[in-house]
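Peer 1: Turn this into a model:
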Amino acid sequence: MSGSSIDVKSKIKPNLSISEPPLYRVIYVNDEKTTMEFVISSLIEFFEYTSETAEAVTVDIHEKGSAAVALLPYEIAEQKGIEITLSARSNGFPLIIKIEPELS
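Peer 2: Below you'll find the predicted structure:
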C-alpha cells in the first residue's frame, strides 16, 4: 500500500461561553405637550405596567425631566422606542424616547 494517503481531521472545540446581551435603558423625556394620560397609557400598553406604577413613574418623569422605564436588550429597547414614538406622533405628541446603554 505504498500510494495510500492518511486523512487527518482536526477537532474544533466549540466556544461554549455565552454571555448575556448588553442591556439598554428606555428613557422617557418630559415635554410640555405630551399629556400625562398618554404617558401612563403607553407605559401600560408597551411595558405592561400596572395603573398605579405607571402613574408613579409618570409623575417621576414630570418632576425630574426624564426617567428610565425599562432595561432591555438593544434590539427590543430600540423596537419599543420606535413603537412608542410612532404612537405618540399619531396622537399628536412630541414625546422623545432615548435609548442608552446601561452602565455596569
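Peer 1: C-alpha from now on. contacts and neighbour counts both.
Peer 2: OK.
Peer 1: ok, the most centrally placed residue in the chain - contacts?
Peer 2: Relative to the mean C-alpha position of the chain, the nearest C-alpha, by CA atoms, centre = their mean, is the one of Ala77, at 1.7 Å. Ala77 makes contact with 24-26, 70-71, 99, according to CA atoms under 8 Å, 6 or more residues apart in numbering.
Peer 1: repeat for Ile96
Peer 2: By CA under 8 Å, 6+ apart, Ile96 lies in contact with 28-30, 85.
Peer 1: mind putting the residues you listed in TSV, secondary structure included?
Peer 2: Listed next are the contacts of Ile96 as TSV, based on DSSP: H, G, I helix; E, B strand; the rest coil:
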residue	secondary structure
Tyr28	strand
Val29	strand
Asn30	coil
Thr85	helix
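Peer 1: so which pair among the residues you listed is furthest apart in space?
Peer 2: Pairwise distances across the contacts of Ile96 peak at 13.2 Å for Asn30 and Thr85 (criterion: CA to CA).
Peer 1: quick revisit: among the contacts of Ala77, which one is most surrounded by other residues?
Peer 2: Val26 (24 neighbours; other CA atoms under 10 Å).
Peer 1: In three-state terms, label that residue for me.
Peer 2: strand.
Peer 1: so what pLDDT did it get?
Peer 2: pLDDT, Val26: 98.
Peer 1: Distance check, it against Ile97.
Peer 2: 7 Å (CA to CA, to the nearest Å).
Peer 1: for Ile27, same thing?
Peer 2: 6 Å.
Peer 1: now do Ile12
Peer 2: Distance from Ile12 to Ile97, by CA to CA: 45 Å.
Peer 1: quick one, which of the two is more surrounded?
Peer 2: Ile97 (20 against 6).
Peer 1: tell me which element the more buried one falls in.
Peer 2: Using DSSP states H and E, Ile97 sits within strand 96-101.
Peer 1: Give me the common contacts of Asn30 and Thr85.
Peer 2: 95-96.
Peer 1: More neighbours: these two, which one.
Peer 2: Per other CA under 10 Å, whichever of Asn30 and Thr85 has more neighbours is Asn30, with 24 against 17.
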